[in-house]
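J.: Sequence and predicted structure are below.
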Amino acid sequence: MPQLFDEKARECSRSINDPLAMRLQIRKSRIVGLEQETKAPRGRKSRTSGREREAKAPGLWADIFLERSYDTGPNGKQIVSVIIPARNEEKTIARNITIARSAFQETEDVEVEVIVTDGCSEDSTREEILKAGPDHFLEVPPGKGNAMREGFLHSRGDVVLFSDADLLNFEARWIEMVAEPILQGRADVVLGVGISPWFQGATETIYRPLIKLLFPEVEERISRQPLTGQRAFRRWVLAGLDLLPDYGVEAAMNIDLVNMKPPSRIQEVSLGEKRDVWKGNLDMYREVGRAILLKACQYERLSRLRESNFSQLVEILNGLLSEIDLQV
Ligand SMILES: O=c1ccn([C@@H]2O[C@H](COP(=O)(O)OP(=O)(O)O)[C@@H](O)[C@H]2O)c(=O)[nH]1
Ligand SMILES: O=C(O)[C@@H](COP(=O)(O)O)O[C@H]1O[C@H](CO)[C@@H](O)[C@H](O)[C@H]1O
């Protein structure tokens, strides 16, 4: 199993908590991408189609990946790269790797490569990953977006699929259901929608209110489980997106996806019941909110927030809460 070890990643000290650092990191990741490009393995076929060239979005990501392009497996098989980002997931990761490896086993013309990242876990996630034996193992800095970006940089499929490591009832057919519309040429992006027993905190308290106000066109196109970790992309579409380093990655992706020109074909597919480990991580809420505000700034829509009663609403809620506290 090729193991890519990055000393720097092990330092685990990078702060992703301020927006400036976040932007610098985005720029840096592009430079890393460029370095990767110059070291790309030989013998990869460039299969950039006319449509892909036309769709070439401005920015280095697109340049890197459209030129580098993707590989085909033996006998022209289509490759689906399954990327599983993991940080402190010792209980679920090994089983989920095994399940991912069993996807598409009955389909002769599809090959699956499973890429797993460890974002400086403090438990035995790393050992569990090595035991389960994915096709590639990457040690990456903390941050969900960092993990997704690194996984993408080391992938070779024309379909790139992400799946969370903490699923409790993961099934191989979820990979098939999310990848198939792309493999069959019916979609460019597929979001897997699960029925969760939890209130989707980050989605309902931060993402939806801000998106409805600032990016209503996104709410219209991606509505069912907009922050789902089960999502697949045709490679050229993913190459045109900014992958933010932290949990803001999905929110920012949704905004860019819906505003992409030419538009990509987005499909939402039902997976049924989906259970994961509940973490109640408030950093996630902050990072999702910050990503939307950064995008609002980039798309020059921040005035919509200033003109609305949004910040007053927060003050009203805080006032009401303290009144109630006084009464109880
Ligand atoms: O720094 C991080 C934080 C999270 N994750 C992974 O990203 C996925 C989604 O994160 P989490 O489970 O915290 O979100 P939830 O699904 O609970 O909302 C999981 O596989 C995490 O292990 C990661 O790779 N690096
Ligand atoms: O759906 C959601 O609101 C959050 C879960 O929020 P909670 O931990 O249930 O409050 O989870 C998703 O959002 C994260 C940020 O975009 C993704 O990284 C996760 O994969 C996804 O499960």
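T.: Yep, it's here. Numbering: from 1, shown residues only. Ligands and ions are numbered 1, 2, ... in the order given.

J.: How about stretch 257-271 and ligand 2, any contact?
T.: No - judged by C-beta under 6 Å from any ligand atom, stretch 257-271 and ligand 2 are separated, with a smallest distance of 12.4 Å. From N, CA and C alone the C-beta is placed, and that goes for glycine too.

J.: Quickly note the distance from residue 168 to ligand 2.
T.: 12 Å (C-beta to the nearest ligand atom, to the nearest Å).

J.: From ligand 1, how far off is the residue lying closest to that residue once chain neighbours are set aside?
T.: Spatial nearest neighbour of residue 168, excluding adjacent residues (C-beta to C-beta, 6 or more residues apart in numbering): residue 275 at 4.3 Å. Using C-beta to the nearest ligand atom, we find residue 275 at a distance of 10 Å from ligand 1.

J.: got the residue ranges for the helices in the stretch 201-328 of the chain?
T.: Counting by DSSP state H, counting those that start in this stretch, the stretch 201-328 of the chain has these helices, from start to end: 201, 208-214, 216-221, 235-239, 249-258, 282-298, 302-307, 310-327.

J.: From the chain's centroid, how far away is the fifth one?
T.: On the basis of C-alpha atoms, centre = their mean, to the nearest Å, helix 249-258 is displaced by 9 Å from the centre of the chain it belongs to.

J.: by how many degrees do that helix and helix 282-298 diverge?
T.: Interaxial angle of helix 249-258 relative to helix 282-298 (axes from the mean of the first three to the mean of the last three C-alpha atoms, to 10 degrees): 30 degrees.

J.: mind starting the numbering at 22 from now?
T.: Will do, 22 is the new start, and the previous item becomes helix 270-279.

J.: In helix 270-279, which residues are buried?
T.: Residues of helix 270-279 classed as buried by neighbour count (16 or more other C-beta atoms under 10 Å): 270, 271, 272, 273, 274, 275, 276, 277, 278, 279.

J.: Quick one: the helices in the stretch 72-221 of the chain, in order.
T.: With helices called from DSSP H, counting those that start in this stretch, the stretch 72-221 of the chain shows them at 81-89, 114-122, 146-153, 165-174, 193-204.

J.: Tell me which of those lies nearest to residue 263.
T.: helix 81-89 (7.4 Å; C-beta to C-beta).

J.: mean confidence score for the closest one?
T.: Averaged across helix 81-89, the pLDDT comes to 45.

J.: again with stretch 158-178
T.: 97.

J.: now for the buried residues of helix 270-279, which pair is the farthest apart?
T.: Those two in the buried residues of helix 270-279 that are separated most widely, counting by C-beta to C-beta, are 270 and 279, at 15.4 Å.

J.: and residue 290, what does it touch?
T.: Shown in contact with residue 290 (C-beta atoms under 8 Å, 6 or more residues apart in numbering): 198, 199, 202, 211, 212, 213, 214.

J.: Turn the helices of the stretch 72-221 of the chain into JSON lines, columns for distance to residue 222 and mean neighbour count.
T.: Formatted as JSON lines, those follow (distance: least, C-beta to C-beta, whole Å; neighbours: other C-beta atoms under 10 Å):
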{"stretch": "helix 81-89", "distance to residue 222": "30", "mean neighbour count": "19"}
{"stretch": "helix 114-122", "distance to residue 222": "22", "mean neighbour count": "22"}
{"stretch": "helix 146-153", "distance to residue 222": "23", "mean neighbour count": "19"}
{"stretch": "helix 165-174", "distance to residue 222": "16", "mean neighbour count": "25"}
{"stretch": "helix 193-204", "distance to residue 222": "22", "mean neighbour count": "21"}
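
J.: Brilliant, that's me finished.
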